[in-house]
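Q: Sequence and predicted structure are below.
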Amino acid sequence: MSVVVRPSAERGHAQHGWLDSRHTFSFADYHDARHMGFGPLRVINEDRVEPSAGFPTHGHRDMEIVSYVISGALRHKDSMGTGSVIRPGEVQVMSAGSGVRHSEYNDSASEPVHFLQIWLMPDEDGLPPRYQQKAFAAAETAGRLRLVASPDGRDGSLSVRLDAELYATRLDAGESVTHALKPGRLAWAQIVTGGATVNGAEVSAGDGVAIEEADAVTIAAGAGGAEALLFDMAA
(Lines give C-alpha, C1' and ligand atoms only; values in the text may rest on other atoms or scores of the structure.)
Protein backbone atom coordinates (compact mmCIF):
# COMPACT_ATOMS: atom_id res chain seq x y z
CA MET A 1 0.00 0.00 0.00
CA SER A 2 1.22 3.48 -0.88
CA VAL A 3 -0.03 6.50 1.13
CA VAL A 4 1.52 9.84 0.13
CA VAL A 5 0.49 13.13 1.75
CA ARG A 6 0.39 16.32 -0.31
CA PRO A 7 0.82 18.95 2.45
CA SER A 8 -1.29 22.07 2.30
CA ALA A 9 1.69 24.33 2.98
CA GLU A 10 3.57 22.99 -0.05
CA ARG A 11 0.83 23.72 -2.58
CA GLY A 12 1.21 26.37 -5.24
CA HIS A 13 -0.06 29.81 -4.26
CA ALA A 14 -1.48 32.69 -6.29
CA GLN A 15 -2.50 35.98 -4.70
CA HIS A 16 -4.36 38.40 -6.98
CA GLY A 17 -5.86 40.72 -4.36
CA TRP A 18 -9.45 39.67 -5.03
CA LEU A 19 -8.41 35.99 -5.20
CA ASP A 20 -6.30 33.83 -2.91
CA SER A 21 -5.78 30.44 -4.54
CA ARG A 22 -3.92 27.30 -3.44
CA HIS A 23 -3.06 24.74 -6.12
CA THR A 24 -2.67 21.05 -5.20
CA PHE A 25 -1.45 20.34 -8.74
CA SER A 26 0.28 22.42 -11.40
CA PHE A 27 -2.04 25.17 -12.60
CA ALA A 28 -1.66 28.44 -14.54
CA ASP A 29 1.68 30.04 -13.56
CA TYR A 30 2.43 27.35 -10.96
CA HIS A 31 4.32 24.41 -12.46
CA ASP A 32 5.79 21.46 -10.58
CA ALA A 33 6.64 18.38 -12.63
CA ARG A 34 6.18 16.23 -9.49
CA HIS A 35 2.57 17.37 -9.10
CA MET A 36 0.79 17.30 -12.46
CA GLY A 37 -2.25 15.39 -11.24
CA PHE A 38 -3.18 11.98 -9.91
CA GLY A 39 -4.84 9.53 -12.28
CA PRO A 40 -7.70 11.43 -13.97
CA LEU A 41 -7.65 14.06 -11.20
CA ARG A 42 -6.03 17.13 -12.76
CA VAL A 43 -6.88 20.17 -10.58
CA ILE A 44 -7.81 20.85 -6.97
CA ASN A 45 -7.79 24.59 -6.35
CA GLU A 46 -8.82 26.01 -2.98
CA ASP A 47 -10.07 29.49 -3.77
CA ARG A 48 -11.04 32.42 -1.56
CA VAL A 49 -12.75 35.23 -3.47
CA GLU A 50 -13.39 38.68 -2.06
CA PRO A 51 -16.95 40.13 -1.94
CA SER A 52 -18.50 40.89 -5.35
CA ALA A 53 -15.33 39.73 -7.15
CA GLY A 54 -14.82 36.68 -9.30
CA PHE A 55 -13.78 35.03 -12.51
CA PRO A 56 -15.11 36.82 -15.62
CA THR A 57 -16.46 34.84 -18.57
CA HIS A 58 -13.90 32.38 -19.92
CA GLY A 59 -13.93 29.07 -21.78
CA HIS A 60 -13.27 25.40 -21.05
CA ARG A 61 -13.55 22.20 -23.03
CA ASP A 62 -13.21 18.45 -22.42
CA MET A 63 -13.03 18.62 -18.63
CA GLU A 64 -15.36 17.61 -15.80
CA ILE A 65 -15.41 20.60 -13.43
CA VAL A 66 -16.71 20.12 -9.89
CA SER A 67 -17.31 23.05 -7.51
CA TYR A 68 -17.71 22.45 -3.77
CA VAL A 69 -18.50 25.50 -1.63
CA ILE A 70 -17.06 25.51 1.89
CA SER A 71 -18.49 28.85 3.02
CA GLY A 72 -20.25 31.77 1.39
CA ALA A 73 -22.10 31.69 -1.93
CA LEU A 74 -20.82 31.33 -5.50
CA ARG A 75 -22.82 32.75 -8.42
CA HIS A 76 -22.57 30.83 -11.70
CA LYS A 77 -23.56 31.82 -15.24
CA ASP A 78 -22.73 29.98 -18.45
CA SER A 79 -23.25 29.86 -22.22
CA MET A 80 -25.78 27.03 -21.83
CA GLY A 81 -28.15 29.53 -20.24
CA THR A 82 -27.62 28.28 -16.69
CA GLY A 83 -27.65 30.79 -13.86
CA SER A 84 -27.45 29.64 -10.25
CA VAL A 85 -25.97 30.24 -6.81
CA ILE A 86 -24.01 27.45 -5.09
CA ARG A 87 -23.92 27.31 -1.30
CA PRO A 88 -22.40 24.96 1.32
CA GLY A 89 -23.91 21.51 1.07
CA GLU A 90 -24.37 21.86 -2.69
CA VAL A 91 -22.23 20.30 -5.41
CA GLN A 92 -21.94 21.59 -8.97
CA VAL A 93 -20.74 19.53 -11.94
CA MET A 94 -20.13 21.30 -15.24
CA SER A 95 -19.15 18.97 -18.09
CA ALA A 96 -17.32 21.31 -20.47
CA GLY A 97 -17.46 18.80 -23.34
CA SER A 98 -17.11 20.38 -26.80
CA GLY A 99 -16.89 23.82 -25.23
CA VAL A 100 -18.58 26.08 -22.71
CA ARG A 101 -18.05 29.62 -21.45
CA HIS A 102 -18.87 30.57 -17.88
CA SER A 103 -18.28 33.06 -15.08
CA GLU A 104 -18.07 32.48 -11.32
CA TYR A 105 -18.53 35.37 -8.88
CA ASN A 106 -18.91 35.82 -5.17
CA ASP A 107 -22.64 36.36 -4.70
CA SER A 108 -22.12 38.46 -1.56
CA ALA A 109 -21.17 42.14 -1.39
CA SER A 110 -19.87 41.75 2.17
CA GLU A 111 -18.61 38.21 2.81
CA PRO A 112 -15.88 36.17 1.05
CA VAL A 113 -16.63 32.87 -0.64
CA HIS A 114 -14.39 29.86 0.00
CA PHE A 115 -14.63 26.88 -2.33
CA LEU A 116 -12.84 24.02 -4.05
CA GLN A 117 -12.72 23.81 -7.83
CA ILE A 118 -11.85 20.33 -9.08
CA TRP A 119 -11.09 19.20 -12.63
CA LEU A 120 -11.23 15.59 -13.80
CA MET A 121 -10.36 14.38 -17.29
CA PRO A 122 -13.33 12.71 -19.05
CA ASP A 123 -13.13 9.33 -20.75
CA GLU A 124 -14.43 10.81 -24.00
CA ASP A 125 -13.88 14.21 -25.60
CA GLY A 126 -16.22 16.34 -27.69
CA LEU A 127 -19.52 15.50 -25.99
CA PRO A 128 -22.22 18.15 -25.60
CA PRO A 129 -21.66 20.38 -22.55
CA ARG A 130 -24.04 20.04 -19.60
CA TYR A 131 -24.66 21.45 -16.13
CA GLN A 132 -25.83 19.81 -12.89
CA GLN A 133 -26.23 21.07 -9.33
CA LYS A 134 -27.65 19.42 -6.24
CA ALA A 135 -28.00 20.12 -2.52
CA PHE A 136 -27.09 17.34 -0.12
CA ALA A 137 -28.58 17.71 3.34
CA ALA A 138 -26.14 17.76 6.27
CA ALA A 139 -27.64 14.52 7.56
CA GLU A 140 -26.63 12.75 4.35
CA THR A 141 -22.91 13.32 4.94
CA ALA A 142 -22.89 13.21 8.76
CA GLY A 143 -20.81 10.26 9.95
CA ARG A 144 -20.90 8.54 6.57
CA LEU A 145 -19.57 8.72 3.05
CA ARG A 146 -22.24 10.15 0.76
CA LEU A 147 -21.83 9.50 -2.96
CA VAL A 148 -22.18 12.92 -4.64
CA ALA A 149 -20.88 12.16 -8.16
CA SER A 150 -20.53 8.95 -10.16
CA PRO A 151 -20.47 7.68 -13.76
CA ASP A 152 -24.07 6.47 -13.63
CA GLY A 153 -25.62 9.05 -11.29
CA ARG A 154 -26.77 6.33 -8.93
CA ASP A 155 -28.20 6.92 -5.46
CA GLY A 156 -29.14 10.45 -6.37
CA SER A 157 -25.58 11.51 -7.19
CA LEU A 158 -24.56 13.83 -10.00
CA SER A 159 -23.04 12.17 -13.06
CA VAL A 160 -19.50 12.55 -14.39
CA ARG A 161 -18.13 11.34 -17.71
CA LEU A 162 -15.36 9.13 -16.37
CA ASP A 163 -14.82 6.09 -14.18
CA ALA A 164 -14.65 7.97 -10.89
CA GLU A 165 -16.76 8.29 -7.77
CA LEU A 166 -16.73 11.27 -5.43
CA TYR A 167 -17.86 10.99 -1.83
CA ALA A 168 -18.34 13.69 0.82
CA THR A 169 -18.31 13.26 4.58
CA ARG A 170 -18.50 15.28 7.79
CA LEU A 171 -17.19 13.56 10.89
CA ASP A 172 -17.43 14.47 14.55
CA ALA A 173 -14.46 13.91 16.84
CA GLY A 174 -13.60 10.23 17.02
CA GLU A 175 -15.85 9.19 14.13
CA SER A 176 -14.44 7.26 11.19
CA VAL A 177 -15.56 5.97 7.81
CA THR A 178 -14.09 3.23 5.63
CA HIS A 179 -14.45 2.81 1.88
CA ALA A 180 -13.48 -0.46 0.19
CA LEU A 181 -11.41 -0.24 -3.00
CA LYS A 182 -11.47 -2.72 -5.84
CA PRO A 183 -8.09 -3.99 -7.11
CA GLY A 184 -6.21 -1.49 -9.23
CA ARG A 185 -8.23 1.55 -8.13
CA LEU A 186 -6.69 4.87 -7.11
CA ALA A 187 -7.99 6.94 -4.22
CA TRP A 188 -7.46 10.55 -3.21
CA ALA A 189 -8.66 12.04 0.07
CA GLN A 190 -8.91 15.84 0.34
CA ILE A 191 -9.30 17.28 3.82
CA VAL A 192 -11.66 20.25 3.58
CA THR A 193 -11.81 21.34 7.23
CA GLY A 194 -10.53 20.01 10.54
CA GLY A 195 -8.03 17.22 11.01
CA ALA A 196 -7.97 13.47 10.54
CA THR A 197 -5.90 10.40 9.85
CA VAL A 198 -6.16 8.76 6.44
CA ASN A 199 -4.93 5.16 6.46
CA GLY A 200 -2.79 6.14 9.44
CA ALA A 201 -1.35 9.37 7.98
CA GLU A 202 -2.08 12.49 10.05
CA VAL A 203 -3.52 15.30 7.93
CA SER A 204 -5.28 18.63 8.33
CA ALA A 205 -7.30 21.12 6.30
CA GLY A 206 -5.92 21.59 2.79
CA ASP A 207 -3.88 18.39 2.82
CA GLY A 208 -4.45 15.72 0.19
CA VAL A 209 -3.61 12.03 0.35
CA ALA A 210 -2.79 9.86 -2.67
CA ILE A 211 -3.52 6.17 -2.05
CA GLU A 212 -2.50 3.29 -4.30
CA GLU A 213 -2.53 -0.50 -3.97
CA ALA A 214 -4.87 -0.43 -0.99
CA ASP A 215 -7.90 -2.56 -0.14
CA ALA A 216 -9.67 0.31 1.60
CA VAL A 217 -9.46 3.91 2.73
CA THR A 218 -10.23 4.83 6.34
CA ILE A 219 -10.72 8.45 7.38
CA ALA A 220 -10.78 9.00 11.14
CA ALA A 221 -11.56 12.48 12.48
CA GLY A 222 -9.37 14.20 15.02
CA ALA A 223 -10.42 16.07 18.14
CA GLY A 224 -12.06 18.90 16.21
CA GLY A 225 -13.87 16.76 13.68
CA ALA A 226 -13.28 16.81 9.93
CA GLU A 227 -14.89 17.41 6.56
CA ALA A 228 -13.41 15.52 3.63
CA LEU A 229 -13.86 14.49 0.01
CA LEU A 230 -12.85 11.04 -1.22
CA PHE A 231 -12.21 10.11 -4.86
CA ASP A 232 -12.30 6.48 -6.03
CA MET A 233 -10.89 6.38 -9.58
CA ALA A 234 -9.74 4.08 -12.34
CA ALA A 235 -5.98 4.17 -12.78
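A: Perfect, thanks for sending it. Numbering: from 1, shown residues only.
Q: I'd like the domain boundaries of the chain, if you could list them.
A: Following automatic domain parsing, one finds the domains of the chain at 11-135, 138-233.
Q: Distance from the last one to the middle of the chain?
A: In this case it means domain 138-233. Centroid separation between domain 138-233 and its chain, computed with Cα atoms, centre = their mean, to the nearest Å, is 11 Å.
Q: Excluding sequence neighbours, find me the nearest residue to the spatially most central residue of the chain.
A: Nearest to the mean C-alpha position of the chain, counting by Cα atoms, centre = their mean, stands Ile118 at 4.5 Å. Take Ile118 and drop its neighbours on the chain: the residue closest to it by Cβ to Cβ, 6 or more residues apart in numbering is Val66, 4.2 Å away. Any C-beta I mention is one placed from the backbone N, CA and C, and that applies to glycine too.
Q: mind listing what that neighbour touches?
A: For Val66, the contacting residues are 91-93, 116-120, 149, 160, 166, by Cβ atoms under 8 Å, 6 or more residues apart in numbering.
Q: how close does Leu166 get to Tyr68?
A: 9 Å (Cβ to Cβ, to the nearest Å).
Q: Between those two, which contacts overlap?
A: Contact criterion Cβ under 8 Å, 6+ apart; residues bridging Leu166 and Tyr68 by contacting each: 91, 229.
Q: Compare those two and say which one has the larger neighbour count.
A: Between Leu166 and Tyr68, counted using other Cβ atoms under 10 Å, the more crowded position is Leu166 (28 against 24).
Q: Next, that one: secondary structure please.
A: For Leu166, the secondary-structure state derived from DSSP: H, G, I helix; E, B strand; the rest coil is strand.
Q: Need the nearest residue in space to it, chain neighbours excluded.
A: Nearest residue to Leu166, sequence neighbours excluded (Cβ to Cβ, 6+ apart): Ala149, at 4.1 Å.
Q: residue contacts, the one you found?
A: 66, 91, 93, 157-160, 164-166.
Q: rewinding a little: dump the contacts of Val66 into CSV; add pLDDT and distance to Ala228 as well.
A: Shown next, in CSV, are the contacts of Val66 (pLDDT from 0 to 100; distance: Cβ to Cβ, whole Å):
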residue, pLDDT, distance to Ala228
Val91, 98, 14
Gln92, 98, 18
Val93, 98, 19
Leu116, 98, 11
Gln117, 98, 17
Ile118, 98, 13
Trp119, 98, 19
Leu120, 98, 17
Ala149, 98, 15
Val160, 98, 19
Leu166, 98, 11
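Q: which one of these has the most neighbours?
A: Going by other Cβ under 10 Å, Leu166 tops the contacts of Val66 with 28 neighbours.
Q: List the ones among the contacts of Val66 that fall in strands.
A: Counting by DSSP state E, the contacts of Val66 place 91-93, 116-120, 149, 166 in strands.
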